[in-house]
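> Mind folding the following:
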Amino acid sequence: MTFIICGLAEVPAVLAARRPSHMITLLDPASMIETPAAITPANHLRLGVNDIAEPMDGMIPPDEQLVHDLLAFGGQWTGEAPMLIHCWAGISRSTASAFVLACERNPQADERQMALVMRRAARHASPNRRIVALADDIMGRGGRMADAVAAMGDYDYGRAQPFDFPARH
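Down below sits the predicted model:
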């Protein structure tokens, strides 16, 4: 069970090389893409959201509905083939979504250990704190998910590239 996280520019190459069964797109509505031919439309979740942690005029912040939609979609994935999760750069919204889904699939796992696995896999990962905090509340994790992401420390966005993150920990 593997999540593949990348930016929008890498989506075509990842689809061709890895053949994921499911795909999550997290882009601002003006940049939203259509479902690629390689993905069944029912297996593509398109979430129109800006990469912000606090509400800002003219932008769509992550909200509870986004997290509920993410969790429901993730629950339909068997894990037999990888799931591709992407945002604009593969740094924030996509890494937060992968972390949330991994936490959901691993209710007894240590959140900090999962965050450290992500940090080792991707120096550029900087999960969107609002998505993680909302999911933490919804999933009843008592702040452990948010604390784990905060403990990841600094990131290097200049080194962003596609990476794998295990769904099972």
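> Most distant residue from the centre of this structure?
In the chain, residue 57 marks the outermost C-alpha relative to the chain mean, sitting 24.0 Å out by Cα atoms, centre = their mean.
> Show the model's pLDDT score for the most centrally placed residue in the chain.
Taking Cα atoms, centre = their mean, the centroid of the chain lies closest to residue 97, which sits 2.4 Å from it. The model reports residue 97 with a pLDDT of 98.
> name the element the residue farthest from the centre of the chain belongs to?
Per DSSP states H and E: residue 57 is located in neither a helix nor a strand.
> Next, give phi and psi for residue 160.
The phi and psi torsions at residue 160 (degrees, to the nearest 10) take the values phi -60, psi 130.
> wait, what's in contact with it?
Neighbouring residues of residue 160 by Cβ atoms under 8 Å, 6 or more residues apart in numbering: 7, 89-91, 122, 124. (Glycine included, C-beta is placed from N, CA and C.)
> and if you look at residue 82?
Contacts of residue 82 (Cβ under 8 Å, 6+ apart): 2-4, 18-21, 164.
> Could you rerun that using 7 Å?
Residues near residue 82 by Cβ atoms under 7 Å, 6 or more residues apart in numbering: 2-4, 18, 20.
> Select the helix or strand of this protein having the lowest average pLDDT value.
strand 163-166 (a mean of 94; mean pLDDT, DSSP states H and E).
> which element is the closest residue to residue 41 other than its chain neighbours on?
In space, and not counting its chain neighbours, residue 41 is closest to residue 35: 4.8 Å by Cβ to Cβ, 6 or more residues apart in numbering. Under the criterion DSSP H and E, no helix or strand holds residue 35.
> Would you confirm that residue 35 contacts residue 42?
No. Assessed by Cβ atoms under 7 Å, residue 35 is found out of contact with residue 42, at 9.2 Å.
> Those two: which is more packed in?
Neighbour count, other Cβ atoms under 10 Å: between residue 35 and residue 42, residue 35 has more, with 15 against 10.
> Could you tell me how far that one is located from residue 11?
According to Cβ to Cβ, to the nearest Å, residue 35 and residue 11 sit 11 Å apart.
> give the contact list for residue 131.
Shown in contact with residue 131 (Cβ under 7 Å, 6+ apart): 62, 67, 93, 96-97, 100.
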